[in-house]
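Structural data only, the sequence is not supplied:
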């Protein structure tokens with residue numbers, strides 16, 4: 001199978017290789033997780049729903065770009 005075919009069929013994922021070896025990314029992920037847990041502890045149910053809607057919108061926007 002060629003490299004392009006492997007990419008097409010999802011056998012190789014260059015992004016995952018970038019993330020695995022990227023200390024800066026891992027640190028940011030830890031920070032995001034910590035901040036998310038803090039928000040979940042402190043926000044009301046209604047505020048959490050709004051945060052989820054916001055996150056969904058941002059994720060959709062990032063997927064398009």
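Looks like it arrived, so ask away. Quick caveat, the model's predicted, so the values are computed rather than measured.

low pLDDT regions in the protein?
12-20 (pLDDT under 70).

Could I get the full set of helices for it?
In the chain, helices defined by DSSP state H lie at 3-8, 14-20, 23-42, 45-64, listed in chain order.

Can you add mean neighbour count and give those helices back as TSV?
From N, CA and C alone the C-beta is placed, and that goes for glycine too. Below are these laid out as TSV (neighbours: other CB atoms under 10 Å):
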stretch	mean neighbour count
helix 3-8	10
helix 14-20	9
helix 23-42	10
helix 45-64	10
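
now residue 7: how far from residue 42?
The gap separating residue 7 from residue 42 is 42 Å, by CB to CB, to the nearest Å.

And residue 24, how far from residue 51?
Applying CB to CB to residue 24 and residue 51 gives a distance of 25 Å.

Check residue 3 too.
Separation of residue 3 from residue 51 (CB to CB): 40 Å.

Residue 63 too?
From residue 63 to residue 51 the distance is 19 Å (CB to CB).

ok, the residue nearest to residue 9 when sequence neighbours are not counted - how many residues close by?
Ranked by CB to CB, 6 or more residues apart in numbering and with sequence neighbours excluded, the top spatial neighbour of residue 9 is residue 1, at 7.7 Å. Residue 1 has 8 neighbours, counted by other CB atoms under 10 Å.
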